[in-house]
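*Asks:* only geometry, no sequence info:
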């Protein structure tokens, strides 16, 4: 590898994509965006952790962690805290990550409904409430929508690409 190649690699934005409780619609929008932006992004982005694209992933020293979905289990929460420790910035995408809804619909259940599902929640280690990402960590930017707005996502990515130069 030449020095020029090495310097170019250092300038790439290191990102990870993480999905919690949701429909995964934001991930589908992202894959669709890759159809239009892949040739540009492959020169500017180092996809360090993105399970929908590759099997070998690394969660450390990320510039940007993109998080979709709400937090519904202790395992989710532990993972989210690990992501925040290993990312300079966190972008929440989609309604579930930003507001906790619609993934958190059970938060609105009445007492009878809550009692009916209590054994399932306990069996699978669900938290009492489904919460948005920002309840637990600092979120640096948001892209609203269910699924996320693709044009706004591209604008946000471009903002982070500028910061990484």
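*Replies:* Okay, I see it. Here the structure is a predicted model, which means the values were calculated and not measured.

*Asks:* name the surrounding residues that touch stretch 68-78.
*Replies:* Stretch 68-78 is contacted by residues 17-22, 24, 26-27, 80, 92-94, 96-97, 100-101, 103-104, 124-127, 130-133, 135-136, 148 when judged by CB atoms under 8 Å, 6 or more residues apart in numbering. All C-beta spots, glycine's among them, are computed from the backbone N, C-alpha and C.

*Asks:* that one: which residues count as buried?
*Replies:* 68, 69, 70, 71, 72, 73, 76, 77 (16 or more other CB atoms under 10 Å).

*Asks:* ok, the spatially closest residue to residue 89 that is not a sequence neighbour to residue 83 distance?
*Replies:* Spatial nearest neighbour of residue 89, excluding adjacent residues (CB to CB, 6 or more residues apart in numbering): residue 140 at 4.3 Å. According to CB to CB, to the nearest Å, residue 140 stands 12 Å off from residue 83.

*Asks:* residue 15 now?
*Replies:* 12 Å.

*Asks:* overlap in contacts of those two?
*Replies:* 62, 65.

*Asks:* just to revisit the earlier point, what is the nearest of the buried residues of stretch 68-78 to residue 160?
*Replies:* residue 68 (16.2 Å; CB to CB).

*Asks:* skipping adjacent residues, who's closest to that closest one in space?
*Replies:* residue 26 (4.1 Å).

*Asks:* secondary structure element for the one you found?
*Replies:* Per DSSP states H and E: residue 26 is located in helix 25-44.

*Asks:* one step back: okay, the buried residues of stretch 68-78 in CSV with pLDDT and secondary structure next?
*Replies:* Shown next, in CSV, are the buried residues of stretch 68-78 (pLDDT from 0 to 100; DSSP: H, G, I helix; E, B strand; the rest coil):
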residue, pLDDT, secondary structure
68, 98, strand
69, 97, coil
70, 98, strand
71, 98, strand
72, 98, strand
73, 97, strand
76, 97, helix
77, 97, helix
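
*Asks:* what's the closest of those residues to residue 40?
*Replies:* Top of the list for closeness to residue 40, among the buried residues of stretch 68-78 and by CB to CB, is residue 68 at 22.1 Å.
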